[in-house]
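Colleague: Give the three-dimensional model of this entry:
(chains A, B, C and D)
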Number of protein chains: 4
Amino acid sequence: MSFPYDPLLLQSRAQTLVELTRTLAARGWTPATSSNFSMRLDERHAAITVSGRDKGRLSTDDIMVVDADGRAVASELQPSAETLLHVHLYRRLPAVNCVLHTHSHTQTVASRLYAGGGRVHFEGYELIKAIAGNSTHDATLTLPVLPNTQDMTTLAAQVETLLDAGPLWGYLIDGHGLYAWGRSANEACRHLEAFEFLLGCELDLLRIAPQRASRLG
Amino acid sequence: MSFPYDPLLLQSRAQTLVELTRTLAARGWTPATSSNFSMRLDERHAAITVSGRDKGRLSTDDIMVVDADGRAVASELQPSAETLLHVHLYRRLPAVNCVLHTHSHTQTVASRLYAGGGRVHFEGYELIKAIAGNSTHDATLTLPVLPNTQDMTTLAAQVETLLDAGPLWGYLIDGHGLYAWGRSANEACRHLEAFEFLLGCELDLLRIAPQRASRLG
Amino acid sequence: MSFPYDPLLLQSRAQTLVELTRTLAARGWTPATSSNFSMRLDERHAAITVSGRDKGRLSTDDIMVVDADGRAVASELQPSAETLLHVHLYRRLPAVNCVLHTHSHTQTVASRLYAGGGRVHFEGYELIKAIAGNSTHDATLTLPVLPNTQDMTTLAAQVETLLDAGPLWGYLIDGHGLYAWGRSANEACRHLEAFEFLLGCELDLLRIAPQRASRLG
Amino acid sequence: MSFPYDPLLLQSRAQTLVELTRTLAARGWTPATSSNFSMRLDERHAAITVSGRDKGRLSTDDIMVVDADGRAVASELQPSAETLLHVHLYRRLPAVNCVLHTHSHTQTVASRLYAGGGRVHFEGYELIKAIAGNSTHDATLTLPVLPNTQDMTTLAAQVETLLDAGPLWGYLIDGHGLYAWGRSANEACRHLEAFEFLLGCELDLLRIAPQRASRLG
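Modeller: Residues are numbered from 1 along each chain as shown, chains lettered A, B, ... in the order given. You can find the predicted model right below:
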């Protein structure tokens, strides 16, 4: 059988995705079969987790290939509607090779609280340096929060506008979770962990000393 | 020896229950030997965890069979009083094949806080879609909270009334914990994780911005 | 070489203690080499963890034998000062075979907050039934909080007075942690988990709705 | 090939560092490839984790050697800028053999809240005894909080001043994390765990009963 993508590369990417997914699932960031994770295969294809699988027990059989429009390639499986947000990022950002979407408690609660103002501002954290392009804790970092919708075209258009405005490595969707990406799986994972950490600190400031946290807007 | 149920099916169900129970115990949702888990065997029998065992060290020897009235079958063991709530759901809901009852911190605290109003309302969460029958985050989801009692007949009668009112995949008991169920072990587990996640988010909204959380009533 | 205790029994108890200790350490209840755990060997001897060892990497070499006065038996090791509180319970309560002392975050914070009133009251929790002698959630359960001191004789005298007043399966020491015990290692562990769980719920009620929590006194 | 340090000792120290780092990473104290850990090799050399590696998947290949000025020895790798704070402690404190620097949620939030006053005071905790030189919970323990800067010389000068004032086993940097050290890897780890625990308790007192916590200043 012949494939429009490199099957050996798929095998390697699928293995990386399975290991990454199990690690993130073990932290409780993928509750109730939510979340999806992908890696670019080539200009026209990406490998992505099949929707609805238990992320803590994922195997390489739970990875499928989609094309640049998010349609299944050489598979009977129906990819998740959210696949469109992954392929949108690969089309728009040629340097990006990995997109991670999780639903952690912290991401969800923060998205609810900051949706009104449309963004979370981070200031004074050393870990701002973990986001590509920041070399000092003095930088300010902004994570946009988009309104939730089941219409992926609307969401993708809003992300377009954000990307037009400057470098961006993640966004929250209200009541839903976080998208984070990077040039490699390691970088995407570092960005995901940094956003999760920074959001967790802001939520705790809101619990203890709200005047020191990013304004709810 | 002959059994009134399929012993090979019991073996398979027991293995599934043991794996599921150990996973949930590792998350701390079964403190102090609490909680019980069951799967339907046939119209008249279910497999259920033996009461009082450490759920983190469960083996298939800790699974017993009960009949439709919750009595032990081919076993000297005394099933937990709460077995009645499991078999009640199997009798009433023919499509249901798995019932999970846990005592997590989040479930217990939420049940205490929302018992007065008799319910928790969830709105605006993507994870509402994890509960069968919901296809958008715009749905509102209600989780009933029943008063606690040691009288299982009273509890079962209250659940009857709730089931008469429409589709239901879980309920809380005040100061006690959560019952969640599904057509398969995977679906029951997805429902359990979704309710736990949604309750955890509501508790955090109560800590940070109470006016945004489901009203305590 | 001959021993004043049964060396095979010691071997078995040491193995049980090592497994139990590693489980509790993995939950973070034994920070910074704190905490100690013991089991009765006979009327005059108990096996206890050696002071100052990392509880997450314990082996049976880290278990020593002490006599009824808390002195090392057939060992050059110096037992912890807190050994006296273990042997005190074995002397006073002949049915008790296991004593567990942990320093969890929840136990420590609760002990600080409730030290003023000298006790925590638990009401309306199903898990009250996990403490021996309670058969309904309608029972009220009291956990005493003693002032901290480095003088173990003073502490033991206060525990004497508490035990004179009625059945007791645990106490907190201010800023320090919890002692819990039982007729078996399983029962002691169940009591420990139940107290930890109930204290965790009360702390969360204090964070969210203080008027519903046990009064700080 | 000959080395200016003992290669067998390096092998042993690297193994200790890898095990320690993986343990701390599993607790979530090293988010987004942050944190670094070192052990002294001799008067002029230390082994230290290579910057930017995922601390949860560290191997001995991720350990490098630096000299007393923090420069790479027999390696092409560029050590982290923060290496200077490690070697500074080894130069100044001859008895110290291990330095640990982590970025936990608790350390970061506490550093933000207490930066204004420049210190956290701990009183009334049994775990104060886990810090070398304290034999009773009645002692008061102070953990300094330094302003964050990317200029390591400034930070090192401030630490000098703190060390001149008396015994010290750790400090926080605002928005950044904790440095803790000890005469052995075990002692450094005990100090790290004790500071993390004590900070966690203080943050919870701030959430529940701020008047009982160390003053924010």
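Colleague: Tell me which residues touch A:Glu123, please.
Modeller: A:Thr140, A:Leu141, A:Ser214 (C-beta atoms under 8 Å, 6 or more residues apart in numbering or on different chains). Any C-beta I mention is one placed from the backbone N, CA and C, and that applies to glycine too.
Colleague: for the residue most central in space within chain A, what are its contacts?
Modeller: With distances taken as C-alpha atoms, centre = their mean, A:Tyr179 lies nearest the centre of chain A, 2.4 Å away. Applying C-beta under 8 Å, 6+ apart, we find A:Tyr179 in contact with A:Leu85, A:Leu89, A:Val99, A:Leu100, A:His101, A:Gly170, A:Tyr171, A:Leu172, A:Ile173.
Colleague: Dump those into TSV; add secondary structure and pLDDT as well.
Modeller: Listed next are these as TSV, based on DSSP: H, G, I helix; E, B strand; the rest coil; pLDDT from 0 to 100:
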residue	secondary structure	pLDDT
A:Leu85	helix	97
A:Leu89	helix	98
A:Val99	strand	98
A:Leu100	strand	98
A:His101	strand	98
A:Gly170	strand	98
A:Tyr171	strand	98
A:Leu172	strand	98
A:Ile173	strand	98
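Colleague: Narrow the residues you listed to those that are buried.
Modeller: In these, burial by neighbour count holds for A:Leu85, A:Leu89, A:Val99, A:Leu100, A:His101, A:Gly170, A:Tyr171, A:Leu172, A:Ile173, counting by 16 or more other C-beta atoms under 10 Å in any protein chain shown.
Colleague: tell me the helices in chain A, going along the chain?
Modeller: Ranges of helices within chain A are A:7-26, A:83-92, A:105-114, A:152-164, A:185-208, based on DSSP state H.
Colleague: Put together CSV for those, with distance to chain C on each row.
Modeller: What follows is those, written out as CSV (distance: least, C-beta to the nearest C-beta, whole Å):
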stretch, distance to chain C
helix A:7-26, 14
helix A:83-92, 35
helix A:105-114, 14
helix A:152-164, 33
helix A:185-208, 8
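Colleague: what does chain A put close to chain D?
Modeller: Within chain A, the positions near chain D by C-beta under 8 Å from any C-beta of the partner chain are A:23, A:27, A:124-127, A:130, A:135-138, A:186, A:189-191, A:193-194, A:196-197, A:200-201, A:204-205, A:207-209, A:212.
Colleague: Going through the residues you listed, which ones are buried?
Modeller: A:124-127, A:130, A:137, A:186, A:189-191, A:193-194, A:196-197, A:200-201, A:204-205, A:207-208, A:212.
Colleague: Chain B contacts on chain A?
Modeller: So chain A meets chain B at A:28, A:31-34, A:54, A:56, A:103, A:105, A:108-109, A:112-113, A:148, A:150, A:173-177, A:203, A:206-207, A:210, A:216 (C-beta under 8 Å from any C-beta).
Colleague: Mind checking which of the residues you listed are buried?
Modeller: A:28, A:31-34, A:54, A:103, A:105, A:108-109, A:112-113, A:148, A:173-177, A:203, A:206-207.
Colleague: residue ranges with poor pLDDT in chain A?
Modeller: Low-confidence segments of chain A, defined by pLDDT under 70: A:1.
Colleague: Tally up the residues packed near the closest residue to A:Ala156 other than its chain neighbours, please.
Modeller: Leaving aside its chain neighbours, A:Ala156 sits nearest to A:His88 (4.5 Å; criterion: C-beta to C-beta, 6 or more residues apart in numbering or on different chains). Residues within reach of A:His88, counting by other C-beta atoms under 10 Å in any protein chain shown, total 23.
Colleague: What of A:Glu43?
Modeller: Residues within reach of A:Glu43, counting by other C-beta under 10 Å, total 9.
Colleague: quick one, what contacts the residue nearest to it when sequence neighbours are not counted?
Modeller: Distances taken as C-beta to C-beta, 6+ apart place A:Ala68 nearest to A:Glu43, at 7.6 Å, with adjacent residues excluded. Shown in contact with A:Ala68 (C-beta under 8 Å, 6+ apart): A:Glu43, A:Arg44, A:His45, A:Val87, A:Tyr90, A:Arg91.
Colleague: Distance check, the residue lying closest to the third one once chain neighbours are set aside against chain B.
Modeller: Distance criterion C-beta to C-beta, 6+ apart; nearest residue to A:His45, sequence neighbours excluded, is A:Tyr5 at 4.4 Å. Computed with C-beta to the nearest C-beta, to the nearest Å, the distance linking A:Tyr5 and chain B is 30 Å.
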